[in-house]
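Enquirer: Have a look at this prediction, sequence included:
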Amino acid sequence: MTITPVQTSGIRKPEARQRRLMSGVGWKIVILAIVGAIGPALAWDGGDVRVRNCNWCHGTGGQGYTVAPRLAGQRSQYIESQIRSFREHTRDNPFSKQYMWGAVAALAPKDARDLASYFASLPPRPANDGDTNLAARGRTIYLEGIPEANVASCYACHGPNAEGVREIPRLAGLSYGYLKTRLEQWGQGYHSGMGTPMPVVARSLGPSEVESLASYLSFVR
């Protein structure tokens, strides 16, 4: 960055008291104002240690791995709610207990909000790792449910494009392996937070229906 000298001719010099102010408290105020203006951009550019800690398991840019969900593009309200569930131990599946309970134990509420906003702002990419032969069946289940098994459509809560709504998560593009595991865990009675209907829903799904749904959603953009 090139700093152009300020033209000073013709400008009245500050009095001695003003000079003392600018050299002391005044400059501190200016510096704090600058830091306040650029701080968020510096802190949440992906190089922040808090983001790097998340990326160890959730992938570079929050794009996820098979056992850890993709966070890029996820609903910020959902991420915050799940952090609370980890802290309160209401999300109780094995990986949550082993990894996430400890990971968020000392996370301040503001950091949780900042992390949620950061990952929500990243462009998501679909995993594209499901079985293409099962995707059509999965789409039908997602949009229409399974009336004979009293299973409502996923569309009703998660949106027409699986984009999620507020604290209801985005499912579009999550990996086949992660979605399949989560549906199986809900069917086994594990929870993801207070009041979620997913354990009841998942118990009504057979193995082939779980695989079809997980396959379809992995391809949704």
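Expert: Yep, it's here. Residues are numbered from 1 along each chain as shown.

Enquirer: residues in contact with Cys54?
Expert: Gly62, Leu71, Leu115, Phe119 (Cβ atoms under 8 Å, 6 or more residues apart in numbering). For every residue, glycine as well, the C-beta is placed using N, CA and C.

Enquirer: Next one: it relative to Arg70, how far apart?
Expert: Going from Cys54 to Arg70 by Cβ to Cβ, to the nearest Å gives 12 Å.

Enquirer: Give me the common contacts of these two.
Expert: Gly62.

Enquirer: Number of residues surrounding Pro109?
Expert: The tally of other residues near Pro109 (other Cβ atoms under 10 Å) stands at 11.

Enquirer: Can you get me the start-to-end distance on stretch 81-96?
Expert: For stretch 81-96, the first and last residues are 14 Å from each other (Cα to Cα, to the nearest Å).

Enquirer: Buried residues of it, list them for me.
Expert: Ser81, Gln82, Ile83, Arg84, Ser85, Phe86, Arg87, Thr90, Arg91, Asp92, Asn93, Ser96 (16 or more other Cβ atoms under 10 Å).

Enquirer: Tell me how far that stretch lies from the chain's centre.
Expert: Stretch 81-96 sits 14 Å away from the centroid of its parent chain (Cα atoms, centre = their mean, to the nearest Å).

Enquirer: Quick check: mean pLDDT of that stretch?
Expert: Averaged over stretch 81-96, pLDDT sits at 94.

Enquirer: If you average pLDDT per helix and strand, which one of this protein comes out bottom?
Expert: Between all helices and strands in the chain, the lowest mean by mean pLDDT, DSSP states H and E belongs to helix 27-43, at a mean of 33.

Enquirer: After that one, which helix or strand is next?
Expert: helix 49-58 (DSSP states H and E).

Enquirer: packing partners for the next helix or strand after that following helix?
Expert: Next along the chain after helix 49-58, taking DSSP H and E as the criterion, comes helix 76-88. Under the contact definition 3 or more Cβ pairs under 8 Å, 6 or more residues apart in numbering; DSSP states H and E, helix 76-88 sits against helix 101-103, helix 109-121.
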